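> Below are the sequence and a predicted model; questions follow.
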Amino acid sequence: MSLPFSNMLVGLAALAAVLILVLLSGRAARTVLARRPQVGRRLALLETLALDPRRRLLLVACDGREALLLTGGPADLVVGWLVPGNAGQP
């Protein structure tokens with residue numbers, strides 16, 4: 001194996017290692033921030049559901065009320081506000 005080729009392999013391996021470390025640290029930061037208690041917040045994302053690669057349903061709580069949002073299509077849409085006390089009922 002020639003010297004320039006081996007240098008290129010070492011460089012590519014180092015780049016791959018750095019990229020993996022960046023991705024892992026980003027995932028760890030998201031996990032830590034998601035577990036942090038949200039005291040005094042008015043807005044919270046309760047659940048998400050991917051309908052297809054572009055569109056998602058989001059259940060959002062705002063000032064004690066919950067809203068269902070559809071995002072990712074040609075326009076974002078508020079599907080509706082949920083009635084308090086009917087959680088889990090169709």
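Sure thing, it's come through.
> helix or strand for the residue positioned nearest the centre of the chain, which one?
The residue lying closest to the centre of the chain (Cα atoms, centre = their mean) is Arg30, at 8.3 Å. In this assignment (DSSP states H and E), Arg30 forms part of helix 3-35.
> After that helix, heading C-terminal, what element do we hit next?
Heading C-terminal from helix 3-35 (DSSP H and E), you reach strand 43-50.
> Just the mean pLDDT for that following strand, thanks.
Strand 43-50 carries an average pLDDT of 90.
> Who does it pair with, and is each partner parallel or antiparallel?
strand 56-62 (antiparallel) (DSSP bridges).
> next one: the strand it pairs with to chain centre, how far?
The chain centre lies 13 Å from the centre of strand 56-62; the measure is Cα atoms, centre = their mean, to the nearest Å.
> mind listing what's buried in it?
56, 58-61 (16 or more other Cβ atoms under 10 Å). No exception for glycine: its C-beta is placed from N, CA and C like everyone else's.
> now Val10: how far from Arg42?
52 Å (Cβ to Cβ, to the nearest Å).
> same deal with Cys62?
Applying Cβ to Cβ to Cys62 and Arg42 gives a distance of 6 Å.
> what packs against the helix holding Arg30?
Helices and strands touching helix 3-35, by 3 or more Cβ pairs under 8 Å, 6 or more residues apart in numbering; DSSP states H and E: there are none.
> Mind checking the pLDDT average for it?
88.
> That helix relative to strand 43-50, how many degrees between them?
If you take axes from the mean of the first three to the mean of the last three Cα atoms, to 10 degrees, helix 3-35 sits at 120 degrees to strand 43-50.
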